[in-house]
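# I would like the atomic coordinates for the input below:
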Amino acid sequence: MSWYKETGQITWISKTSSDLKLLEKIDESFPGVELIIQDEIEGRTVFLRFTSYFYSKEDLKKTDFIYSCSAKERAYLSSAFKGNMENKFSAADGHYELYYPVKMDNKIIILYFSENQRYGKMGS
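Okay, the predicted model is just below:
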């Protein structure tokens, strides 16, 4: 039995996915919204990423949600989860991303907004 089913996290994951889908629909500027949290697997600090994708599997594992990122991104995320609530925005070649730390119930989560524009914005 997976950790998420044992701890009731499948309900949390489904609710989170639904909430993220709503955020994506509200503002066309950032069609991609994800949630990043810090967790631990086998004594190692990891970042888990949740999307608006509907998860219906009952055998989910934490490793299914590991956020693979660069050393620079890991350094930023580590700093944010230690309390540095500074946003991080980048834009390059039609790819826009914003890391937005939020403190909720004495825990820090990061909303990650992204948009890819294959051919640039209209009028540019």
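# state which helix of this protein is the longest.
helix 9-26 (DSSP state H).
# quick one: mean pLDDT for whichever helix or strand comes after that one?
Downstream of helix 9-26, the next assigned helix or strand under DSSP states H and E is strand 32-41. Mean pLDDT, computed over strand 32-41, is 89.
# residues touching Pro31, list them.
Neighbouring residues of Pro31 by C-beta atoms under 8 Å, 6 or more residues apart in numbering: Glu24, Glu115. C-beta coordinates here come from the backbone N, C-alpha and C atoms, glycine included.
# and Thr63, by the same measure?
So Thr63 contacts Ile41 (C-beta under 8 Å, 6+ apart).
# doesn't it belong to a strand?
No - according to DSSP: H, G, I helix; E, B strand; the rest coil, Thr63 belongs to no strand; its state is helix.
# flag the shaky bits of the protein, pLDDT-wise.
Low-confidence segments of the chain, defined by pLDDT under 70: 1-10, 29-30, 54-59, 117-124.
# hey, what's the spatially most central residue of the chain bridged with?
Geometric centre of the chain, nearest residue: Leu35, 2.7 Å, by C-alpha atoms, centre = their mean. Per DSSP bridges, the residues bridged to Leu35 are Phe50, Leu111.
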